[in-house]
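K.L.:
Predicted structure and sequence below. I'll ask about it afterward.
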Amino acid sequence: MSPSAPVLEVEGVHKFFGENHVLRGVDLTLNQHDVVALIGASGSGKSTLMRVINLIERVDDGRITLSGDDITDPSVRPDAVRARIGVVFQQFNLFPHMKVIDNVTLAARKVHGMEPDAARAKATTVLDRFGLAGKTDAYPDQLSGGQQQRVAIARAILTDPELLLLDEITSALDPQLVGEVLDLVRELKSEGSTILMATHEMSFARSVADRVIFMHNGVILEEGHPEQVFGDPVHQETRDFLARVTHR
């Protein structure tokens, strides 16, 4: 693993589902500490891109490297790659029968081999910082949606992943809970996390992301600084999309 390599390189990636060509030659690079926002209509390929990066789906063509390691090589074990990536989905995906502390520490203990006491101590510190002090022994259904999503984020970052994938993490939340979760992402950015996030929160993408990528029909149609993409987009499709989502 080269210390100078980008954290993530996606090169010429294609993905088909049957005859549906969902990703059509996607190229993307994230360097350390980059925060990149993916925007675009539903069906544009954002979630599929997240899924191939995390090896939930295998690419049909192209290559993905993580810190210089080719993770699309067929010999690579998906679990070994996922251990290096933190993922938070729009649905919280917490185990309902497990307490918060056990949800947060499960991967650290079972995948990374962290000692239970050390994992619990670290998780307690993270949960306290996330405003969840006193919730370690609660069950997910005893928490608000915003609290559950913060637990999911705590679980994702507990093992200090090389890359954090955030896939529409506010979509399942009531509007009044969106802000508290996005504030937490701002905090992660300030701490130097490398983040690729798909989002419908345009004002957040504009204020927090280092780069914004507009996906359309399985390709990256536009990429640039937030002020350029939002303020002076090059493509008509980008202008049309932004007009729809910012003037509701």
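P.N.:
Looks like it came in fine.
K.L.:
Looking at the chain, which helix is longest?
P.N.:
Using DSSP state H, we find that the single longest helix of the chain is helix 175-190.
K.L.:
Can you give me the buried ones in that helix?
P.N.:
By neighbour count on 16 or more other Cβ atoms under 10 Å, the buried set for helix 175-190 is 177-178, 180-182, 184-185, 188-189. Where C-beta positions appear, they are placed from N, C-alpha and C, glycine not excepted.
K.L.:
So which of those is the closest to D27?
P.N.:
For the buried residues of helix 175-190, the closest approach to D27 (Cβ to Cβ) belongs to K189, at 23.5 Å.
K.L.:
okay but the closest one is in contact with V208, surely?
P.N.:
Yes. With contact defined as Cβ atoms under 8 Å, K189 reaches V208; the gap is 6.0 Å.
K.L.:
Now the common contact residues for those two.
P.N.:
Here K189 and V208 have V35 as joint contacts, going by Cβ atoms under 8 Å, 6 or more residues apart in numbering.
K.L.:
next helix or strand past the helix or strand bottoming out on mean pLDDT in the chain?
P.N.:
Least confident helix or strand, the chain: helix 175-190 with a mean of 85, by mean pLDDT, DSSP states H and E. Downstream of helix 175-190, the next assigned helix or strand under DSSP states H and E is strand 195-198.
K.L.:
which parts of the helix or strand just after that next one are buried?
P.N.:
Next helix or strand after strand 195-198 toward the C-terminus (DSSP H and E): helix 202-208. For helix 202-208, the buried set under the neighbour-count rule, 16+ other Cβ under 10 Å, comprises 202, 204-206, 208.
K.L.:
the strands in the protein, which residues?
P.N.:
For the chain, the strands defined by DSSP state E cover 8-17, 20-30, 35-39, 61-66, 69-70, 85-88, 163-167, 195-198, 211-216, 219-224.
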